[in-house]
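K.L.:
model this:
(one chain, ligands or ions: 2)
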Amino acid sequence: MTTTPESANSQTGNGSGVAPSKKSEHLLSLRGIAKHFGAVQALKHVDLDIPAGKVTALIGDNGAGKSTLIKTISGIWAPTAGDVFWNGEQVKVHTPGDASALGISTVYQDLALCDNLDIVQNMYLGHEETRGITLDEIAMELNTKKVLKDLSVSTVKSVRQLVGSLSGGQRQAVAVARAVMRDTQLVIMDEPTAALGVSQTHQVLELIKNLSDRGIAVIVISHNLTDVFKVADRLAVMHLGTLVSSGDISQYDTTSAVELITTGESKGAPSSLASSH
Ligand SMILES: Nc1ncnc2c1ncn2[C@@H]1O[C@H](COP(=O)(O)OP(=O)(O)OP(=O)(O)O)[C@@H](O)[C@H]1O
Ligand SMILES: [Mg+2]
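P.N.:
Numbers count the residues shown, from 1 in each chain. Ligands and ions are numbered 1, 2, ... in the order given. Predicted coordinates for the structure are as follows:
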């Protein structure tokens, strides 16, 4: 067993003061993360550990701070205070480039895909493969097919289809495929199934499981507790900017999850620091 953050004794900058161990079993650890927007304290001293190869569901009511937390991990917002550790090493994630260099890819709810481009063009937007002075269309097309196949995405007829003609679930699959195409170790998804029907939701949940089976860590924000209990290995609950509870999904049921979401408390639920055990 590696040392847990609670028992590690090294002091850190402006975070909670307890760093994860050097040989961390966690891919990502947040300590004392705070984020203010003027007078609004969107995040208050968040401590959270994210292990590799597991799906962590981040849940909480509207305005609880979920999107702000993932935007902080993704380098959209620099935290007002706190420390971020990657494989036990302290890192600064102040820009999306910092996050991507570590292997963090985020799929936002609007997905940021271009409807007027085909799947291959979307996959490679801004990172096109070239051969001499021309684009290497064949390599890009073959790799796109491979990535979609690896993710078991079978409903897309042609990778030369315009993204505007895809269903919501297929768009989500393309956005995820693009996120994992490069050397990704952590995929973050903000409400990936919110706009989807039953079978498309099922496809996206399968995709999430497929990522974690391949050793990739996944953080997924969802308001749908049925989906959460289907797909998550771990739960992290936010209430009014505070991470009130986190731990193994087996330590929760729908009743305790709803209590935590609405009141920030539930008798017997793990505290947020229990995430480190
Ligand atoms: N750019 C911003 N400027 C000012 N305040 C913001 C900004 N982004 C978020 N907030 C505030 O931070 C708090 C947390 O918002 P956040 O979007 O993180 O919530 P959320 O948990 O994702 O909610 P939802 O489930 O509705 O998406 C809210 O009070 C919100 O008004
Ligand atoms: Mg949100």
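
K.L.:
What parts of the stretch 1-150 of the chain come near ligand 1?
P.N.:
Residues of the stretch 1-150 of the chain lying near ligand 1 by C-beta under 6 Å from any ligand atom: 37, 40, 42, 60, 62-68. Placement of C-beta: from N, CA and C, glycine included.

K.L.:
now the residues you listed in a markdown table, with secondary structure, neighbour count and pLDDT?
P.N.:
Formatted as a markdown table, these follow (DSSP: H, G, I helix; E, B strand; the rest coil; neighbours: other C-beta atoms under 10 Å; pLDDT from 0 to 100):
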| residue | secondary structure | neighbour count | pLDDT |
| --- | --- | --- | --- |
| Phe37 | strand | 11 | 94 |
| Val40 | strand | 11 | 93 |
| Ala42 | strand | 21 | 96 |
| Gly60 | strand | 25 | 97 |
| Asn62 | coil | 6 | 94 |
| Gly63 | coil | 13 | 94 |
| Ala64 | coil | 24 | 96 |
| Gly65 | coil | 25 | 96 |
| Lys66 | helix | 24 | 95 |
| Ser67 | helix | 19 | 93 |
| Thr68 | helix | 21 | 94 |
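
K.L.:
Are we agreed that Val237 is in a strand?
P.N.:
Yes. Looking at Val237 with DSSP: H, G, I helix; E, B strand; the rest coil, it is inside a strand.

K.L.:
from what I can see it touches Ala257, true?
P.N.:
Yes. Contact criterion C-beta atoms under 8 Å: Val237 and Ala257 qualify, at 7.0 Å.

K.L.:
Overlap in contacts, those two.
P.N.:
Counting by C-beta atoms under 8 Å, 6 or more residues apart in numbering, the common neighbours of Val237 and Ala257 are Ile59.

K.L.:
sorry, back to before: what's the most distant pair in the residues of the stretch 1-150 of the chain next to ligand 1?
P.N.:
Within those, Phe37 and Gly60 form the most distant pair, 17.0 Å apart (C-beta to C-beta).

K.L.:
Bridging across strands, which residues link to Ile221?
P.N.:
Leu58, Asp190 (DSSP bridges).

K.L.:
how much space between it and ligand 1?
P.N.:
7 Å (C-beta to the nearest ligand atom, to the nearest Å).

K.L.:
still on that earlier bit, so which of the residues of the stretch 1-150 of the chain next to ligand 1 comes closest to Glu206?
P.N.:
Lys66 (22.9 Å).

K.L.:
returning to that earlier point: Val237 and Ala257: which is more packed in?
P.N.:
Using other C-beta atoms under 10 Å as the criterion, Val237 and Ala257 rank with Val237 on top: 28 against 21.

K.L.:
what residues are up against that one?
P.N.:
59-60, 243-246, 257, 260-261, 269.

K.L.:
Next one: it from ligand 1, what distance?
P.N.:
Counting by C-beta to the nearest ligand atom, the gap from Val237 to ligand 1 is 11 Å.

K.L.:
Show me what that residue is bridged to.
P.N.:
Taking DSSP bridges as the rule, Val237 bridges to Ile59, Ser245.

K.L.:
Give me the neighbour count for Lys146.
P.N.:
When neighbours are counted by other C-beta under 10 Å, Lys146 registers 12.

K.L.:
any chance you could read off phi and psi for it?
P.N.:
Here is the backbone geometry of Lys146 (degrees, to the nearest 10): phi -60, psi -50.

K.L.:
Longest helix in the chain, please.
P.N.:
helix 198-213 (DSSP state H).

K.L.:
which of the residues in that one are buried?
P.N.:
The neighbour-count check on helix 198-213 (16 or more other C-beta atoms under 10 Å) flags 200-201, 203-212 as buried.
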